[in-house]
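Peer 1: got a sequence here, can you model it:
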Amino acid sequence: MRAASLIIASAAGIVGLVFPFVLGRQATGENQTILLVMMIGIAGAFIHGAGFRPTGRWGVALISPILTWPLILGGGAALVALR
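Peer 2: Now for the predicted structure:
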């Protein structure tokens, strides 16, 4: 699961870096909000993929793939739907 988190976060990070340039003048508040939510998921997936193990329940919940993967995939689906 850690390797999958790292791969998903890397791929989504690259798309997140390139996507604003693809949008050009079409960047709106909706797109930027979706990218923000997606970047939160990417950060959590990178932390999980790197092997960090938090001690508290909140830390475990925030970087778990159960939360981060839907943020990434849902954000990507929303960006495709808005396009």
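
Peer 1: what number of residues are in the vicinity of Ala9?
Peer 2: For Ala9, the tally of surrounding residues (other CB atoms under 10 Å) stands at 24. Bear in mind the C-beta positions are built from the backbone N, C-alpha and C, glycine included.

Peer 1: do the same with Val60
Peer 2: If you count neighbours by other CB under 10 Å, Val60 ends up with 13.

Peer 1: if I look at the residue nearest to it when sequence neighbours are not counted, how far off is Leu62?
Peer 2: Closest residue in space to Val60, ignoring its immediate chain neighbours: Pro54 at 5.5 Å, by CB to CB, 6 or more residues apart in numbering. Distance, Pro54 to Leu62, using CB to CB, to the nearest Å: 8 Å.

Peer 1: ditto for Ile42
Peer 2: Ile42 is 13 Å from Leu62, by CB to CB.

Peer 1: quick one, which of these two is more surrounded?
Peer 2: Ile42 (24 against 16).

Peer 1: residues in contact with the more buried one?
Peer 2: 9, 12-13, 16, 68, 72 (CB atoms under 8 Å, 6 or more residues apart in numbering).

Peer 1: switch the cut-off to 6 Å
Peer 2: By CB atoms under 6 Å, 6 or more residues apart in numbering, the residues touching Ile42 are 9, 12-13.

Peer 1: so Ala3 is in which element?
Peer 2: For Ala3, the enclosing helix or strand under DSSP states H and E is helix 2-23.

Peer 1: quick one: mean pLDDT over that helix.
Peer 2: Along helix 2-23, the predicted local confidence has a mean pLDDT of 85.

Peer 1: which positions within it qualify as buried?
Peer 2: Neighbour counts over helix 2-23 (16 or more other CB atoms under 10 Å) mark 5-6, 8-9, 12-13, 15-16, 19, 23 as buried.

Peer 1: which one of those residues is nearest Leu79?
Peer 2: Phe19 (6.7 Å; CB to CB).
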